[in-house]
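J.: Return atomic coordinates for the entry below.
(one chain, ligands or ions: 2)
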Amino acid sequence: MNVSSGQKKAIREAAVDVVRRLHEAGHVAYFAGGCVRDRLLGQEPEDYDIATEALPDVVADMFRGTRRVGESFGVMLVRSHGHVIEVATFRSEGAYSDHRHPDEVVFSNEHEDAARRDFTINGLFEDPIAEQIIDHVGGQTDLEAGTIRAIGEADERFEEDHLRILRAVRFAARFDFDIEAETARAMTSRAGNLKGVSAERIGQEFRRMATKGRWGPAMRLISNLGLEEALLEHAGRGGDWLRCDHLDQCDPPPATHRFEPAMAAWLLDRAEGVVDEADCESIGDRLVFSNQERARLGATILVHERVNAEWEGASVATCKRLASSAVFETCIELIRAVDADRASFIEARVAVLAETGLAPVPLVAGGDLLAAGLVAGPEMGEILDAVYDAQLEGRLPDRETAIEMAIELASPGHADG
Ligand code: ATP
Ligand code: MG
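T.: Numbers count the residues shown, from 1 in each chain. Ligands and ions are numbered 1, 2, ... in the order given. All right, here's what the predicted structure looks like:
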């Protein structure tokens, strides 16, 4: 999602308006959490969470068309100027017997609401009307120093919610922050807890790390903090973490489809450049990839491997087929990570090959061959491939010659066909 700065401004105005109306009705209300943090870091937020002392029913009565998100949690979705803003009543949380969600939520005051949040930098409030930051957890100091610190007792906080271990990694990598020593120690000592977190949730956090933030540092932190085994079980192979060339090159990665390139870079680094289908499958299972993600990762690994192994000695047709693959550009970036000269060399050759068309429309199709009296079947596919190779290599001036070649290949005398 790419939100323009004009849209971000409009979203902010819509959110400020909700706070203003709550204030006018006599309720304390603030921006809370990520949106406060991001703005202090100079990044205009795309979504706003509001925390207020007003009870959910009061919020529902004040705004038209309000919806509840999980009623017991007291979070309301309020429409304002066409935007949807989350408004949550200040609360404290009970025990976490499932280590993911609090058993109960008790509406309370702003101090407790700040204290239930995960890290100090995520525990800030902002009063956008008075233009004030309200900091009950020491978040501003940590934000300035670049520190990820659990609010309260780190051990307790990671024990309550195991997923916070991965959230800490994600924020540290995204903002290039250090994880405070006690927080880091608690993360490492509780690494085993991650085994109990659902694969979907872990996959989701990985996806966020890859698409929003800095992937290389995130994966290095996972390794350095000793989280890898619990997270991946036996997926992929052990890695040589001194060599993270691929990972670094992928920061900042291509904007749109970042996940599969990031995964490919990571697998290559973990396995010292040699990754096979089974590695892709096991990581796909562990992190619950979609079929499309699996297909793209598999193609990236395969094309990368072939370009690496075959490019220099490959025929024109093979090079053109590789270069017209949808994942070729990603593969070049992965190669550039370890050998920039080689990447430039390959690109120069592609530029020359492109002059005669990397993927021209085939001169003949199956229908042409059937019309010429050939029989449908696997052999016809092979003939079409061979004819297309000849076309890519510039050996066929026109369609007639192409059909002649196909008939020749299909003739009984053509023994090796
Ligand atoms: P992002 O930019 O990734 O959305 P965020 O800080 O907004 O970052 P959210 O997951 O949207 O993260 O959560 C919003 C806020 O809710 C957080 O800033 C934090 O205060 C609180 N929060 C979210 N998840 C947790 C959690 N697992 N434990 C404690 N507090 C949490
Ligand atoms: Mg958020």
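
J.: which residue packs closest to Gln140, ignoring adjacent ones?
T.: Spatial nearest neighbour of Gln140, chain neighbours left out: Ile133 (6.2 Å); criterion: C-beta to C-beta, 6 or more residues apart in numbering. Glycine gets a C-beta too; all of them are placed from N, C-alpha and C.

J.: so which strand or helix has Asn308?
T.: Mapping Asn308 onto the secondary structure by DSSP states H and E places it in helix 291-310.

J.: buried sites along that helix?
T.: Along helix 291-310, these residues count as buried under the neighbour rule (16 or more other C-beta atoms under 10 Å): 293-294, 296-308.

J.: quick one on the thing from earlier: report pLDDT for the residue nearest to Gln140.
T.: According to the predicted model, the pLDDT of Ile133 comes to 98.

J.: strand partners of the strand or helix carrying it, parallel vs antiparallel please.
T.: For Ile133, the host element (DSSP H and E) is strand 132-134. Here the strand partners of strand 132-134, with direction, are listed using DSSP bridges: strand 125-127 (antiparallel).

J.: For Tyr388, grab the count of nearby residues.
T.: The burial count assigned to Tyr388 is 21, neighbours taken as other C-beta atoms under 10 Å.

J.: Skipping adjacent residues, who's closest to it in space?
T.: Leaving out its chain neighbours, Tyr388 is closest to Pro362 (C-beta to C-beta, 6+ apart), at 5.3 Å.

J.: how about the strands of the stretch 151-300 of the chain, start to end?
T.: 178-179 (DSSP state E, counting those that start in this stretch).

J.: what does it have sitting close to ligand 1?
T.: Counting by C-beta under 6 Å from any ligand atom, the residues of the stretch 151-300 of the chain close to ligand 1 are 161, 163-164, 167.

J.: on that earlier part again, I figured the residue nearest to Gln140 hits Phe125, correct?
T.: Yes: in terms of C-beta atoms under 8 Å, Ile133 counts as a neighbour of Phe125; the distance is 7.2 Å.

J.: Those two: which has the busier surroundings?
T.: Taking other C-beta under 10 Å, Ile133 and Phe125 do not tie; Phe125 has more neighbours (24 against 17).

J.: Would you check that that one makes contact with Phe31?
T.: Yes: shown here, Phe125 and Phe31 form a contact pair, counting by C-beta under 8 Å, at 6.7 Å.

J.: where do the contact lists of these two overlap?
T.: Residues within reach of Phe125 and of Phe31 at once, by C-beta atoms under 8 Å, 6 or more residues apart in numbering, are Ala51.

J.: Assign a three-state SS to Ala15, would you?
T.: Applying DSSP: H, G, I helix; E, B strand; the rest coil to Ala15 yields a three-state assignment of helix.

J.: gap between it and Leu322?
T.: Plainly put, Ala15 is 49 Å away from Leu322 if you go by C-beta to C-beta, to the nearest Å.

J.: Same question for Ala402.
T.: Shown here: Ala402 relative to Leu322, a distance of 22 Å by C-beta to C-beta.

J.: Could you do Arg79 as well?
T.: Here Arg79 is placed at a distance of 51 Å from Leu322 (C-beta to C-beta).

J.: In terms of neighbours, single out the busier of the two.
T.: Neighbours per residue, other C-beta under 10 Å: of Arg79 and Leu322, the larger number sits with Leu322, 22 against 15.

J.: Got the phi and psi for that one?
T.: In terms of degrees, to the nearest 10, the main-chain angles of Leu322 are phi -60, psi -50.

J.: hang on, isn't it packed against Ser315?
T.: No: assessed by C-beta under 8 Å, Leu322 is found out of contact with Ser315, at 10.6 Å.

J.: Now do the contacts for the residue nearest to Gln140.
T.: Residues 36, 40, 124-127, 140 are the ones in contact with Ile133 under the rule C-beta under 8 Å, 6+ apart.

J.: try 7 Å
T.: 36, 124, 126, 140 (C-beta atoms under 7 Å, 6 or more residues apart in numbering).

J.: Please determine whether the strand holding Ile133 lies in contact with ligand 1.
T.: No: under the criterion of C-beta under 6 Å from any ligand atom, ligand 1 is not reached by strand 132-134; the shortest gap measures 13.4 Å.

J.: quick one: buried residues of the helix or strand just after that strand?
T.: Note on strand 132-134: by DSSP H and E, the next helix or strand toward the C-terminus is helix 139-145. Taking 16+ other C-beta under 10 Å as the basis for neighbour counts, the residues of helix 139-145 that come out buried are 139-140, 142-143.
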